[in-house]
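Participant: Only the shape, not the letters, is given here:
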């Protein structure tokens, strides 16, 4: 999705659901948060909280048992 962002080529534990949603599932038992890299050149919105983040950085996403961290590209899907 972001071929000009070299960090995106290294990520193996997150995926895009369509062109606008970045999903970062929890992979380990007992994990309640995780680091997520947000591709540069976009503003990303945490689906659960509505908090905005500039791309090109890692953010720590809370992930209680009933929540999968999802980020939506700002300006898409009514965000």
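Facilitator: That came through fine. Not measured: the values here are computed from a predicted model. Numbers count the residues shown, from 1 in each chain.
Participant: For the chain, give me the ranges with low pLDDT.
Facilitator: By pLDDT under 70, the low-scoring segments of the chain are 77-79.
Participant: At which residues are the strands of the protein located?
Facilitator: Along the chain, counting by DSSP state E, strands occupy 15-17, 21-23, 33-38, 43-46, 52-54, 57-62, 70-73.
Participant: Distance check, residue 66 against residue 48.
Facilitator: From residue 66 across to residue 48, the span is 10 Å (CB to CB, to the nearest Å). All C-beta spots, glycine's among them, are computed from the backbone N, C-alpha and C.
Participant: cool, and residue 36?
Facilitator: Using CB to CB, residue 36 is found at 13 Å from residue 48.
Participant: Out of the strands of the chain, flag the one nearest residue 6.
Facilitator: Checking the strands of the chain against residue 6 by CB to CB gives strand 33-38 as the closest, at 11.0 Å.
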